[in-house]
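# Provided below are the primary sequence and the corresponding predicted coordinates.
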Number of protein chains: 2
Amino acid sequence: MADETVLLGHGSGGTMMKRIIDEVFAASYGSEELAQGDDAAVLPAPAPGERLAFSTDTFVVTPHFFPGGDIGRLAVCGTVNDVATSGAQAKYLSIGMVLEEGFPMNDLRRICETIAATAHEAGVHVVTGDTKVVNRGHGDGIYINTAGIGLIPANRSLSGANCRPGDKVLVSGTMGDHGIAIMSQREGLSFAAPIESDAAPLNHLIADVLEAAPDVRCFRDPTRGGLASTLNEFASQSNVDVVIREDDVPVKDAVRGACDMLGYDVFQVANEGKMVCVVPAEQSDAALAAMRANPYGADAALIGEVTEAATGRGPKVYVETGFGSRRILDMLVGEQLPRIC
Amino acid sequence: MADETVLLGHGSGGTMMKRIIDEVFAASYGSEELAQGDDAAVLPAPAPGERLAFSTDTFVVTPHFFPGGDIGRLAVCGTVNDVATSGAQAKYLSIGMVLEEGFPMNDLRRICETIAATAHEAGVHVVTGDTKVVNRGHGDGIYINTAGIGLIPANRSLSGANCRPGDKVLVSGTMGDHGIAIMSQREGLSFAAPIESDAAPLNHLIADVLEAAPDVRCFRDPTRGGLASTLNEFASQSNVDVVIREDDVPVKDAVRGACDMLGYDVFQVANEGKMVCVVPAEQSDAALAAMRANPYGADAALIGEVTEAATGRGPKVYVETGFGSRRILDMLVGEQLPRIC
């Protein structure tokens, strides 16, 4: 395709749009369903009793390319991970792009190749899509929405509302990598050790854990708001307290150093390739071993427990420090690191 | 909620985001699934043999409010209609919003109320969503992505690839209303008769037609690129020619006048509440009667036929004029009316 930048005509519904679809989108993440060319993808009937998991996420991250990934990898991982937290096998993705007039076509191709590679890794198919082009000055190059469908086997029921006192809390790896990688790239900060985003599809890791620990209560990926938001959501949904031990939460030295310098609480920094998992105590060893056996879970750790909500205080999350003190871990109120995903 | 405009913190993953979800989104289009608060909506198992229809669309229309609708009504109708063209019963919607810092909260509430009302009319549930906020100057107030899931009964198979010579071509009403309504609003044009957008959910109309004419080949809503794009897509997918009679295509006088004045071909102007339907000749009367019996199909008309592709010319769409001449109706190349949806 001769066009070097995105033009308004690429969102027109005419032959220019057909060309960008054929030569950029289908050429990278094409599928049998996309090739049908109808307005809706037609997908096979689920097996009897299989429920559907459905989730969506829009990605507005800036910069578009960063150490460890790009907006395309985020867009696939974010929705695949959200779908997988229900215990579903993630199957199908839609991609809706808002492109800004003037966006370099080579950047778009590069992002589409990443989408294709990440979808392949996750084992999901891009089956339907949409492209809009907005005039110069009304976007930020590219925004990507993905929606995803997964199939949930009969008898599986995971929810943040399932946590019970005595359950164990696991994380699949180090906290804060993604947010600090984006922040460093954006602000031109450099650290002794380079910090890379952890963006990764975790659906296979979740499947491995469910195989080893079938009574897992819930998974959630601690994205915006970080570990603090995820644990507070679990506490609130299940009406329990959660207690974690600060020293047991894996954090890379460089990330800890950056957080100290910039004044961030690493527990409130976003991750894009990590899972928090709550599991009955008797299956926690099996779940942890399964996480660690997966390439994306090598640094997995048991970080705390679910306890009864203290009377009259409402559900809370506590952090026990190495000095024996205990503090409340709140959700963020407003915005710490805008547009990290 | 005290905030009068959208702030970056509303997309943070923290308590401000929780508040906008509870007090704006859930307060208007809340559902049981949204209230679960997990990262993916869990939806019931389809009946045995039911396939899934899946589609997505992002809406970047400007202005956000226009005669006959707003961006919220478009966002629901666009995806409901795309899903319904497969013959599916549209069931579930996701909503992903990209809000610009400073967008008036009252405008957002108004749009969310429209989303709720239109979803109610269509009989679909908003089951999952996502909200991102971009900094001032990097959006245009609000962009909305919707993705939708429908269930396709066993044995139903509609596709633009199904058209056969001898089939009849119907439209469910007047062409060009939406594009001209947006254009008039944007440019401050006024006409003797006000022109309103036709934005409407057509899933019930499609169900009525399928009941009356079960062998319908395909439906498609002639949005961007208008009737010209839809008929050329059908011709290309089925490798046939399509011939329509100009005088039989319903067009409102005010829309025709505006198109003449502005130099647009009304067959290339977008519609957001119309269906093109191809049906075997023997069921065309029944299909037309069913369309006309639906409130959104009162002006439905039979406008032409499918014919064998003329040898060596490739699939083409022809328009027969009232003067007995015949012209080729091409797809648009680039953009005629940017950001009309």
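Nice, thanks for sending it over.
# near chain B, which residues of the stretch 201-341 of chain A show up?
The stretch 201-341 of chain A comes close to chain B at residues A:218, A:220-221, A:223-226, A:229, A:233, A:237, A:268, A:270, A:331-336, A:338-339, as judged by CB under 8 Å from any CB of the partner chain. No exception for glycine: its C-beta is placed from N, CA and C like everyone else's.
# So how do I select the buried members of these in PyMOL?
To isolate the buried ones among these in PyMOL, judged by 16 or more other CB atoms under 10 Å in any protein chain shown, type:
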select buried, chain A and resi 218+220+221+223+224+225+226+229+233+237+268+270+331+332+335+336+338+339
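# contacting residues for the residue nearest to A:Pro280 when sequence neighbours are not counted?
Using CB to CB, 6 or more residues apart in numbering or on different chains and skipping the chain neighbours, the partner closest in space to A:Pro280 is A:Asp215 (5.2 Å). Residues near A:Asp215 by CB atoms under 8 Å, 6 or more residues apart in numbering or on different chains: A:279-280, A:283.
# Looking at these, which are in strands?
Mapping those onto strands (DSSP state E) picks out A:Val279.
# Could you provide the contacts of A:Asp215 in a markdown table, with additional columns for distance to B:Lys91?
A markdown table is the format used below for the contacts of A:Asp215 (distance: CB to CB, whole Å):
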| residue | distance to B:Lys91 |
| --- | --- |
| A:Val279 | 33 |
| A:Pro280 | 34 |
| A:Gln283 | 35 |
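# The contacts of A:Asp215, buried ones only, as a ChimeraX selection?
In ChimeraX syntax, the buried subset of the contacts of A:Asp215 is picked out as below (16+ other CB under 10 Å):
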select /A:279,280,283
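# Now pLDDT too, for the contacts of A:Asp215, in CSV please.
Conversion of the contacts of A:Asp215 to CSV gives the following (pLDDT from 0 to 100):
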residue, pLDDT
A:Val279, 98
A:Pro280, 98
A:Gln283, 98
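# Among the contacts of A:Asp215, which one sits closest to chain B?
Closest to chain B out of these is A:Val279 (16.5 Å), distances taken as CB to the nearest CB.
# beta partners for that closest one?
A:Val279 has these beta-bridge partners by DSSP bridges: A:Lys168.
# any idea how far chain B is from A:Ala27?
19 Å (CB to the nearest CB, to the nearest Å).
# List the contacts of that residue.
Per CB under 8 Å, 6+ apart, neighbours of A:Ala27: A:Cys112.
# check contacts around the most centrally placed residue in chain A.
What sits nearest the mean C-alpha location of chain A, by CA atoms, centre = their mean, is A:Gly78, with 3.3 Å. Taking CB under 8 Å, 6+ apart, we find A:Gly78 in contact with A:57, A:59, A:146, A:221, A:223, A:272, A:341.
# mind checking pLDDT for it?
In this prediction, A:Gly78 carries a pLDDT score of 98.
# which residues touch stretch A:54-61?
Stretch A:54-61 has contacts (CB under 8 Å, 6+ apart) with A:71, A:74-75, A:78-79, A:82-83, A:140, A:143-150, A:182, A:339-341, B:39-41, B:43, B:92, B:94-98, B:127-130, B:132, B:134, B:145, B:147, B:149.
# mind running it again at 7 Å?
Stretch A:54-61 has contacts (CB atoms under 7 Å, 6 or more residues apart in numbering or on different chains) with A:71, A:74-75, A:78-79, A:82-83, A:140, A:143-149, A:182, A:339-341, B:39-41, B:43, B:92, B:94, B:96, B:98, B:127-130, B:132, B:134, B:145, B:147, B:149.
# now do stretch A:194-201
Residues from elsewhere that reach stretch A:194-201 (CB under 7 Å, 6+ apart): A:66-69, A:73-74, A:76-77, A:80-81, A:118, A:121-122, A:173, A:177-178, A:180-182, A:184, A:254-255, A:258, A:271-274, A:296.
# And the residue nearest to the centre of chain A, which helix or strand is it part of?
Secondary structure from DSSP states H and E places A:Gly78 in helix A:71-84.
# From the chain's centroid, how far away is that helix?
Computed by CA atoms, centre = their mean, to the nearest Å, the chain-centroid distance of helix A:71-84 equals 5 Å.
# C-alpha coordinates for it, PDB please?
What follows is the C-alpha trace of helix A:71-84 in PDB, where atoms were taken according to Å, rounded to 0.1, in the frame of the first residue of the first chain:
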ATOM      1  CA  ILE A  71       0.000  -0.800  22.600                       C
ATOM      2  CA  GLY A  72      -0.900  -3.900  20.400                       C
ATOM      3  CA  ARG A  73       0.500  -6.400  22.900                       C
ATOM      4  CA  LEU A  74      -1.300  -4.600  25.700                       C
ATOM      5  CA  ALA A  75      -4.600  -4.600  23.800                       C
ATOM      6  CA  VAL A  76      -4.500  -8.300  23.300                       C
ATOM      7  CA  CYS A  77      -3.200  -9.200  26.800                       C
ATOM      8  CA  GLY A  78      -5.600  -6.900  28.600                       C
ATOM      9  CA  THR A  79      -8.700  -8.500  27.300                       C
ATOM     10  CA  VAL A  80      -7.400 -12.000  27.100                       C
ATOM     11  CA  ASN A  81      -6.500 -11.800  30.800                       C
ATOM     12  CA  ASP A  82      -9.800 -10.300  31.800                       C
ATOM     13  CA  VAL A  83     -11.700 -13.000  30.000                       C
ATOM     14  CA  ALA A  84      -9.400 -15.700  31.500                       C
END
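# Give the full set of residues in contact with A:Gly123.
Contacts of A:Gly123 (CB under 7 Å, 6+ apart): none.
# tally of neighbours for A:Ala207?
Neighbourhood size, A:Ala207 [other CB atoms under 10 Å in any protein chain shown]: 18.
# Could you find the closest non-adjacent residue to it?
A:Ala207 sits nearest to A:Gln89 (CB to CB, 6+ apart), 7.3 Å away.
# That neighbour and chain B, how far apart?
Relative to chain B, and taking CB to the nearest CB, A:Gln89 is found at 12 Å.
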